[in-house]
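the following comprises the amino acid sequence and a computationally predicted model.
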Amino acid sequence: MDFYRTIYKEGTGEIVEKKSRFIAEAYPVTGEEEAFAHLEEVKKRYWDARHHCWAYVTGRNPGKERMSDDGEPAGTAGKPILEVIRGRELTDIFIVVTRYFGGTLLGTGGLVRAYTSAAVEALAHTEIITRIHGFKLKVTTDYTGLGKIQYILGQRGLAVLDTLYTDRVEITVLVPDGEKEALGKALMEGTNGQARMEELESCWFAETAEGLLLD
């Protein structure tokens, strides 16, 4: 099954460490251009801040990674943010942490902990989702096979997009890659060969707190 983890929508978190404010914002992105557009927005919003440190990961197999300490000591800001992203196995994500200096030096260890905590806080205010690649499948049957098909789909946790009732029943369902053959076998056995399947189109989908995300 082809899948990846990302965030559903942007999230913002903030921590304070020895009077320094760390404002972290996480964004779903599809590439570097989109990440840098968010960075420019953040710089304009917090124009008087001393540092805007960031990291992103986009794509897969392998993903593209970049980070910036933006004036902080090397390895104390961008890398900790990137490690938070890596640790949660996320991609297509950009996190920027804006720092307002509070007058007290934190030291390298303190900075690493602060930027790590800020990035974690941003992720705590968004939703991590798993996007799965699959396809829409139309299953056609007579009414005698409907109950069995609904049972099989429910047992496998497959999302039903639409059901059309005419002289027969047409059910459109989302099926992850790699499950078509097993599903087809189960449907044929469950309906004594009375179910017909038609693959409609490939797509990506994910379950979110607000419902099904499909594209």
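Alright, I've got the coordinates.

counting neighbours, what do you get for Val42?
Neighbourhood size, Val42 [other Cβ atoms under 10 Å]: 19. In short, each C-beta sits where N, CA and C put it, glycine included.

for it, which non-adjacent residue is closest in space?
Val96 (5.2 Å; Cβ to Cβ, 6 or more residues apart in numbering).

so the one you found makes contact with Phe22?
No. Assessed by Cβ atoms under 8 Å, Val96 is found out of contact with Phe22, at 10.8 Å.

ok, the residue of the chain most remote from its centre - contacts?
What lies farthest from the middle of the chain is Asp167; by Cα atoms, centre = their mean that is 40.4 Å. Not one residue lies near Asp167 by Cβ atoms under 8 Å, 6 or more residues apart in numbering.

next, Leu39: phi, psi?
Main-chain torsions, Leu39, degrees, to the nearest 10: phi -60, psi -40.

I'd assumed Tyr56 was in contact with it.
No. The pair formed by Leu39 and Tyr56 falls short of the contact definition of Cβ under 8 Å, at 9.2 Å.

joint contacts of those two?
Joint contacts of Leu39 and Tyr56 (Cβ under 8 Å, 6+ apart) are Phe94.

higher neighbour count, those two?
Tyr56 (29 against 19).

which residues does that one contact?
Here Tyr56 is in contact with 29, 32, 35, 65-67, 85, 93-95 (Cβ under 8 Å, 6+ apart).

part of a strand, is it?
Yes. Under DSSP: H, G, I helix; E, B strand; the rest coil, Tyr56 sits within a strand.

and the pLDDT at it?
Note for Tyr56: predicted pLDDT of 98.

for it, list each beta-bridge partner.
Beta-bridge pairing for Tyr56 (DSSP bridges): Arg66, Phe94.

please renumber the chain so that the first residue is 51 from this point on.
OK, 51 is where the count begins now, so the last one is Tyr106.

please tell me how far it sits from Ile131.
9 Å (Cβ to Cβ, to the nearest Å).

what sits in contact with each of those two?
In contact with both Tyr106 and Ile131: 117, 145, using Cβ under 8 Å, 6+ apart.

which residue ranges of the protein form helices?
Ranges of helices within the chain are 82-95, 128-137, 157-174, 196-205, 230-240, based on DSSP state H.

who wins for proximity to Leu224 among those helices?
helix 196-205 (9.9 Å; Cβ to Cβ).

just checking, what packs against that closest one?
strand 219-226, helix 230-240 (3 or more Cβ pairs under 8 Å, 6 or more residues apart in numbering; DSSP states H and E).
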